[in-house]
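Colleague: predicted model and sequence below, questions to follow.
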Amino acid sequence: GNACAPQGGDSGSSPPHAGRSGGGRNAELLSEFEALQSHYAARGDHWREASYRKVVAALRALPFRITSMNDLERPEAAALAGRHTRKKVSEFLAAGSIELAK
């Protein structure tokens with residue numbers, strides 16, 4: 001038999017900040033925006049939920065880590081250029097979290 005193959009292993013589950021899946025460069029920021037997306041989905045606010053879904057997808061696709069507001073000026077970050085998104089990113093960079101996302 002194949003002793004190396006785990007039976008019924010925990011594939012798919014990983015620690016919140018593992019950074020292995022997409023968005024690893026911005027894993028913490030990504031998790032904050034995912035929390036916002038879930039928050040608005042739970043409230044039935046489909047417009048905001050859809051907006052945050054776009055932000056989450058854009059963050060996952062970024063080829064660089066966001067370390068300053070200047071990073072949002074790069075062409076790859078065009079989907080993050082909205083006023084509210086910029087405000088949330090600014091809050092994250094300053095405080096390490098986004099208030100509503102907790």
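Modeller: Right, received. Where do you want to start?
Colleague: helices along the chain, start to end?
Modeller: For the chain, the helices defined by DSSP state H occupy 27-42, 46-61, 83-95.
Colleague: out of those helices, the one nearest residue 68 is which?
Modeller: helix 83-95 (6.8 Å; Cβ to Cβ). (Each C-beta comes from the backbone N, C-alpha and C, glycine too.)
Colleague: burial measure for residue 85, as a count.
Modeller: Look at residue 85: counted by other Cβ atoms under 10 Å, it has 21 neighbours.
Colleague: residue contacts, it?
Modeller: Contacts of residue 85 were listed using Cβ atoms under 8 Å, 6 or more residues apart in numbering, and they are residue 55.
Colleague: just say which of the helices of the chain is most tucked in.
Modeller: Highest mean neighbour count of these: helix 27-42, a mean of 18 (counted as mean count of other Cβ atoms under 10 Å).
Colleague: contact partners for residue 56?
Modeller: Listed by Cβ under 8 Å, 6+ apart, the contact set of residue 56 reads 30, 33-34, 37.
Colleague: tell me the predicted confidence for residue 10.
Modeller: Residue 10 carries a pLDDT value of 43.
Colleague: ok so, going back, mean pLDDT and distance to residue 73 for the helices of the chain - can I get that in TSV?
Modeller: What follows is these, written out as TSV (pLDDT from 0 to 100; distance: least, Cβ to Cβ, whole Å):
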stretch	mean pLDDT	distance to residue 73
helix 27-42	97	16
helix 46-61	96	14
helix 83-95	96	10
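Colleague: could I get the ones you listed as a markdown table with distance to residue 75?
Modeller: Below are the helices of the chain laid out as a markdown table (distance: least, Cβ to Cβ, whole Å):
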| stretch | distance to residue 75 |
| --- | --- |
| helix 27-42 | 19 |
| helix 46-61 | 12 |
| helix 83-95 | 16 |
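Colleague: among those helices, which is nearest residue 67?
Modeller: Here helix 83-95 is closest among those (Cβ to Cβ), at 7.5 Å.
Colleague: chain center to that closest one: distance?
Modeller: Taking Cα atoms, centre = their mean, to the nearest Å, one finds the center of helix 83-95 at 13 Å from the center of the full chain.
Colleague: done for today, thanks.
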